[in-house]
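>>> Sharing a model prediction with you, sequence too.
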Amino acid sequence: MERGVLLVRAFSVSEGRRGTATVTVNVLDVNEHAPYCVPSVFVLTVPETTERGKSLGTVTCVDMDVSGHDVSLTLRDNDASLYKFRLQDGQLQVNGTLDYDMPGIAGRSFQYEATIIATDSGTSTLTTTIPVMVTVTPVNEFDPVFIGPFEILVPENTRSGSVVTTVKALDGDWRFDALRYSIPGGDALFSINPVGGQLYLKGSLDFEVKQVYRLMVQAVDFDQDVDLTVQRTGAQDFTIRVLNLNDNPPVCDPVSYESTIFSTRSAGLPILTLSCTDRDGDGLTATITNGAAVDRFQMNGLTLSSRNVFSYVPGAVYDRTMFEVTVAVSDGEHTADVVAYIYVVPWTTTVPTTTTTTTTKPPRVVTVVQRFWEPDLWFVAVMTITGAFLLLYTGLLIWRILTWTSVCVNPEPDVSDNLLKNSLNGEDLNKIGNQDAAIQNYQSSLDGTISLSKENSRKSLMRFDGKADDPVSGRSYLFNSETGERRWL
Ligand SMILES: [Ca+2]
Ligand SMILES: [Ca+2]
Ligand SMILES: [Ca+2]
Ligand SMILES: [Ca+2]
């Protein structure tokens, strides 16, 4: 409180008197001045890596009011700057990380704001606010990091120019996607979009040639530091696996087969096996496609076998001796055709036994003779030559007899004969008749001998090629499948 003393004199002109009075004035102080602070505002630019406790400046405040010289300082944060600053003895310090790499702070132009409030101690306190605006500058702190998957599956029929995948990397520094992608050293088969990370195929794939590719992709950041030359790099190995597709047809080598079998070959026994492969490793199936062979042959995998035995019974079932079997070998999508020529030798046959009306014991072939007498070639040749000589000899003999007969007996009686007959008596004529009859008997007997000889020769060459049981008598017998001849055992 200020006190003032006034000396007041008064004069009375009319009365000529005067007087003096002392007046004391007490001036009461009023809080009329807000604190005055220096600086009045904090506008700073600091790196985002400014460490905790770092001083950003000191604020000093005074109060013009006589009775209000005590000024207190407080700090008021906002949502973004909560706990980012602190005041210690008027010193503004960094209290938390002033992160540049936050989406929230990016929306505030990377500026942390706070307010220092200076309050005097007078009645009806007055305050002064000191804005704090701290702008952080970027520091490139982090390497780009790729995010998976790092194994890419690509079908082998992917066309050149296609995008096989899009690689993606992130960076801990804002802007998090400020990256450029590249393939160090380049690649003959793949290329990459440096901005979007699309990985392009610029050639063709073939699982049958190469199944796996390994590719290094790197990402380099930019504009993440106040010094634009500061860049960081991240790299990642990618594995590109080629997916196998059924893009190759089966290959059969050879595509044509020939096989000769005996007609006695049991059904189901392999005749031949196709030699087929598939580059894709697909399972192969074989199907007989021509209708004529479907009923007679079957495929078990790639193996061809007969569906049933062949029959060559004269006058009955008589199969063909050559079959053309067309087989389609498929991998499920593609087909390769193969043809097999099967020649059947009707060597033996399964002739059914004598049919019977007896139903209690049906005919049953017990044994088919697989081994039978088969003369050697030289023996057949000798027998043939011997037979030829025998026939020639027989012919010559017949010719000689006929010649002799024609000399001794003239079948056409001429005039001399009639004259002779007329000159002979009855007894002589009877003798001559007896002689003619004798000659005819001899010739007949000779013809019979020749026929018998031929029959014996044929029988001697006959052979039995099968054995069966008679269902009625139960007896076994040999039979000839061509003639039906039997021989009971
Ligand atoms: Ca970075
Ligand atoms: Ca940063
Ligand atoms: Ca295939
Ligand atoms: Ca393939």
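Received the coordinates, thanks. Ligands and ions are numbered 1, 2, ... in the order given.
>>> Can you name the residue of the chain nearest ligand 2?
D173 (3.8 Å; CB to the ion). (Each C-beta comes from the backbone N, C-alpha and C, glycine too.)
>>> Three-state assignment for that residue, please.
Classification of D173 using DSSP: H, G, I helix; E, B strand; the rest coil returns coil.
>>> now it, nearest residue through space, not along the chain?
Q224 (3.9 Å; CB to CB, 6 or more residues apart in numbering).
>>> just checking, the residue of the chain closest to ligand 2 touches T137?
No. The criterion here is CB atoms under 8 Å, and D173 misses it with T137 at 12.0 Å.
>>> who touches both of these two?
Residues touching both D173 and T137 (CB atoms under 8 Å, 6 or more residues apart in numbering) are Y100.
>>> Looking at these two, which has the bigger crowd around it?
Neighbour tally, D173 and T137, criterion other CB atoms under 10 Å: the higher count belongs to D173, 22 against 16.
>>> Backbone dihedrals for the more buried one, please?
Main-chain torsions, D173, degrees, to the nearest 10: phi -100, psi 140.
>>> Check the gap between the nearest residue to A106 once chain neighbours are set aside and F142 for me.
Sequence neighbours aside, W174 is the residue nearest to A106 in space, at 5.8 Å (criterion: CB to CB, 6+ apart). Distance, W174 to F142, by CB to CB, to the nearest Å: 10 Å.
>>> Which residues are in contact with each of these two?
D101.
>>> Do a quick rundown of the helices in the protein.
Along the chain, counting by DSSP state H, helices occupy 103-106, 291-294, 377-408, 415-423, 426-461.
>>> and those, which one is worst for confidence?
For those, mean pLDDT drops lowest on helix 415-423, to a mean of 41.
>>> Let me see the contact set for the residue lying closest to R265 once chain neighbours are set aside.
Nearest residue to R265 in three dimensions, chain neighbours excluded: S306, at 6.4 Å (CB to CB, 6+ apart). Each residue near S306 by CB under 8 Å, 6+ apart is listed here: I261, R265, A267, G268, L269, I271, R296, F297, Q298.
>>> Repeat that for K84.
K84 makes contact with D77, V94, N95, G96, T97, L98, Y112, A114, V134 under the criterion CB under 8 Å, 6+ apart.
>>> from the residues you listed, which single one is nearest P254?
When the contacts of K84 are compared for distance to P254 (CB to CB), T97 wins out at 78.4 Å.
>>> How many residues are close by that closest one?
15.
>>> my guess is it contacts R52, does it?
Yes. T97 is within contact range of R52, at 7.4 Å (criterion: CB under 8 Å).
>>> S40 contacts I130, correct?
Yes. Look at S40 against I130 with CB under 8 Å: they come within range, at 6.1 Å.
>>> Looking at these two, which is more packed in?
Neighbours were counted for S40 and for I130 using other CB under 10 Å; I130 has more, 22 against 14.
>>> Now do the contacts for the more buried one.
I130 neighbours (CB under 8 Å, 6+ apart): C37, P39, S40, V41, F42, V59, T115, I116, I117, A118.
>>> out of the residues you listed, which one sits closest to ligand 1?
Ligand 1 lies nearest to F42 out of the contacts of I130, by CB to the ion, at 28.8 Å.
>>> and the closest residue to ligand 3 within the stretch 51-200 of the chain, how many neighbours?
Of all residues in the stretch 51-200 of the chain, E156 sits closest to ligand 3, at 11.6 Å by CB to the ion. Applying other CB under 10 Å, we find 18 residues neighbouring E156.
>>> so what's it up against?
Applying CB under 8 Å, 6+ apart, we find E156 in contact with L205, D206, F207, V242, L243, N244, L245, D247.
>>> How about the last one: what's its closest non-neighbour residue?
The reference is to D247. Excluding the flanking residues, the one nearest D247 by CB to CB, 6+ apart is N157, at 6.1 Å.
>>> so that neighbour sits right up against L245, yeah?
Yes. Counting by CB under 8 Å, L245 is a contact partner of N157 at 5.5 Å.
>>> neighbouring contacts of stretch 28-42?
With contacts defined as CB under 8 Å, 6+ apart, stretch 28-42 is touched by 1-2, 56-57, 59-68, 71, 92, 116, 118-120, 122-128, 130-134.
>>> Can you tell me which of the residues you listed are buried?
56, 59, 61, 63, 65, 68, 71, 92, 116, 118-120, 122, 126, 128, 130, 132-134 (16 or more other CB atoms under 10 Å).
>>> what's the first-to-last distance across stretch 51-69?
Start-to-end span of stretch 51-69 (CA to CA, to the nearest Å) is 34 Å.
>>> actually stretch 296-304, sorry about that
Taking CA to CA, the first and last residues of stretch 296-304 lie 11 Å apart.
>>> Give the rounded mean pLDDT of it.
94.
>>> and what of stretch 29-47?
Across stretch 29-47, the average pLDDT comes to 92.
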